[in-house]
Structures are given as structure tokens and as C-alpha cells.
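Q: Sequence plus the predicted model coming up.
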Amino acid sequence: MTVLCLLLPIAPVGCSSGHGPAAAVASASEVGTVASSPLVVGRDGAATIRAWGHEIWLFGDTFLTVPNADGTSFVSNTFATSATAVTDAAITLSDRLDDAGAPDELLRPTSDEEAYDRAHRSQPDGGCAAQPCGGRFATWPTSAVFSPADGGSAIVFYQLIRAAPGDFNFSGIGQGIAAWSGFDALPSRPAPRVCDGGPSTALFCASEPAYGEGAALVDGLVYTFACRQSGLDVPCQLGRVPFARALVRSAWEFWSGTAWSADISNSSVLFNGAPILSFFFDAYVGQWMAVYSKPLSSAVVFRTAPALTGPWSDEGLLFVASTGDSGATAYDAHVHPELAQQGGRVQYVTYSRPNGTEFGDELALVRVTFR
């Protein structure tokens, strides 16, 4: 039974495993930083997908050196492309530009969001049309899945955020999914209207687990985690949906611990993780692997499991992130399995850290080699 669990990417629960991960780290070393455009001051996130022959990087809040076509130098998301392989330990990002020559947003605001942002945007005299000055909506991409069928299409999971000035003064108001039909276009944001009184574009409401932390496509089904902070814990739950019906809420199923259920309240906690998480099947290890930054720490850790439904191992240490004297923690570590080498033995992980300039950061690139 154990052997079968190691061979099947999606296997029934009940397989036994040891407490430790099914992989051991031989070495982990920073090989440089991901080179970004001089038009970007700083941005975080960096989930990736391989789609339409491009390596695509998804970012959250982005500070720009120039105003964009909307006249602002601060946007809630951007995206970039890079080479599809790490060459001489270097990765350089290339941004698509808008009509003003600034990095374009991946997920455009709705008309209601844009109206709210404009009304609350701070003016040079310190005032604004509506209080609170500096209030805004944000759409933060968390993960994406690409299907090559019929020329290729993708879905992009994103958090819906309402924010106000001040540190950590923001809250999640739902989770949405954007539909991306082709690389030369931008994703659309359908409005399933499932949340009473909530955003029309939310597929999961503010009171529900926010599915979309990492995503994988297996046999036509999208699997994704929801990892929501609960005190000092971040319990992670698993959901799935056919790729072609991802925007149909009734098509979703949630792992109860013993079976798949259409009732989201039956979701079972599989492990304690982090609000930002990525996962993939590592062919070299022969198991699924989840990677995340341990909350309130600079430790970047991983877990393994023979099946997405578990059992998941205890945490293992990949590496301790270097954030210098900033006092920051490595909160947004992402693994990029599309860039893997040696059949998955070598993986690349990024995390953002301050670079000493106002609103600025850099994306560190770490090479992890397993034994």
C-alpha cells in the first residue's frame, strides 16, 4: 500500500508515512537576485506558471518609478516574464508596458473599484474626495494554472483586499478567479455574484476559506489550498474543481479527511502552513511538496506527502532566508518547479526582502539541491 501511495500523484488517504519529510536537503545557497525592470521600485509575491511558452511571474502591490496610464505610481498587481530556464544562476524579468510606458497591471480593477480608488486617492494638498484618504481596493494574485488544451488557457486565483493607510491596515473581503484566454490579452474578472453583500467578483466569501494558495492541474482537475491565519496557526485545507468549471461554485469539492464533499463546511485541516504557500509534485522525490515561509520567522520550510490528501509530513528546513539588518521576515517564499533541474533534484525558491530604499525590495533566488 505504501508503494502505491508513492507512485500515485492523487491517492486515497490512509497511506502511512514517517513524521519527517521524504526528502533531505543536500545544499541551499543564494545564487543572486532576480533582475527586475528599473521601472519597478519594489513588489512582492512572485508566484509563477509556465504558459504559452513563457515563464510568467505574478506580483502583488507594486511601486513604480513612473506614473502609469491611470496617473498613479502604485498599483495592486503586475506581471512579468523571464527565460524558461536558469542560466548561470541568473533570471531577468521583462514587464509588459501600458500606454504610458509603465509596467501593466495583470488584473484590471472593476469600474466600482476604480471609482472607489479615485475618490479616496490622496491629493498633493493632503486631502481627498472621500475618507479615508488613501483607501483602496487591491487584487493580489496568489497562484495560477495553465491548461494547454485548445491553444491554451489559464485561470488566476486572487485575493480581494480592502486597504487603508497604515501598516497592515488591510483585510481580505473575498477570493476570486480570473480567466485568461491568451498571452497577448489580459485576464478577465468574471462576476459569479455568490457572496451576499460582498464583491461581485468573489467566488469565495470573506467568511470562507480562501482557496487559491498554490494550485496544480491533475487529470483535468485543479487542486488548491486555503490557508487562513487563525491566531498563531495557519490551518491548510484542500479543494478541487474541474478546470473548465473553476468559476462555477457548485462544481467545487472539499476534502473532509475521508472523502470529497460539496459542502465547504466539511473541509478538513491537513497541516499547519502559511498564508502564502506553493506546492508541486517533485518527480525526483516521488512525492508532493509544499513550500512556505514559517510565519513570524525567516525559516523557509517544506512538507511532503504521497498524495495531496495526505498524510503530510512534519516541516523540514529548506534554508534560513537572509534579510540583512532590516528586521523583516521572509513572508512570501515561492518555489518555482518550472525552473527545476536534474529531474526535480534541484529546485529554485524566491523571497522578497528590503533593499534599503523607500518602498524598495529585491527578489532573492535560492538554489536548493536534495540528496
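A: Noted; the coordinates are in hand. Numbers count the residues shown, from 1 in each chain.
Q: Kindly check the end-to-end length of stretch 321-333 for me.
A: For stretch 321-333, the first-to-last residue distance is 9 Å (Cα to Cα, to the nearest Å).
Q: Tell me which stretches of the stretch 251-371 of the chain form strands.
A: For the stretch 251-371 of the chain, applying DSSP state E, counting those that start in this stretch gives strands covering 253-255, 260-261, 269-272, 277-282, 287-293, 299-305, 316-320, 334-335, 346-354, 361-370.
Q: among those, which is nearest residue 206?
A: strand 253-255 (17.6 Å; Cβ to Cβ). Backbone N, C-alpha and C define where each C-beta goes, glycine included.
Q: could you redo the strands of the stretch 251-371 of the chain as a markdown table and give each row mean pLDDT, distance to residue 227 and mean neighbour count?
A: Shown next, in a markdown table, are the strands of the stretch 251-371 of the chain (pLDDT from 0 to 100; distance: least, Cβ to Cβ, whole Å; neighbours: other Cβ atoms under 10 Å):
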| stretch | mean pLDDT | distance to residue 227 | mean neighbour count |
| --- | --- | --- | --- |
| strand 253-255 | 98 | 14 | 21 |
| strand 260-261 | 98 | 19 | 15 |
| strand 269-272 | 97 | 9 | 20 |
| strand 277-282 | 98 | 5 | 22 |
| strand 287-293 | 98 | 8 | 26 |
| strand 299-305 | 98 | 12 | 23 |
| strand 316-320 | 97 | 17 | 18 |
| strand 334-335 | 98 | 14 | 26 |
| strand 346-354 | 96 | 17 | 23 |
| strand 361-370 | 96 | 21 | 21 |
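Q: For those, give me JSON lines that also has distance to residue 73.
A: Output for these, formatted as JSON lines (distance: least, Cβ to Cβ, whole Å):
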{"stretch": "strand 253-255", "distance to residue 73": "40"}
{"stretch": "strand 260-261", "distance to residue 73": "45"}
{"stretch": "strand 269-272", "distance to residue 73": "38"}
{"stretch": "strand 277-282", "distance to residue 73": "29"}
{"stretch": "strand 287-293", "distance to residue 73": "28"}
{"stretch": "strand 299-305", "distance to residue 73": "31"}
{"stretch": "strand 316-320", "distance to residue 73": "34"}
{"stretch": "strand 334-335", "distance to residue 73": "25"}
{"stretch": "strand 346-354", "distance to residue 73": "19"}
{"stretch": "strand 361-370", "distance to residue 73": "16"}
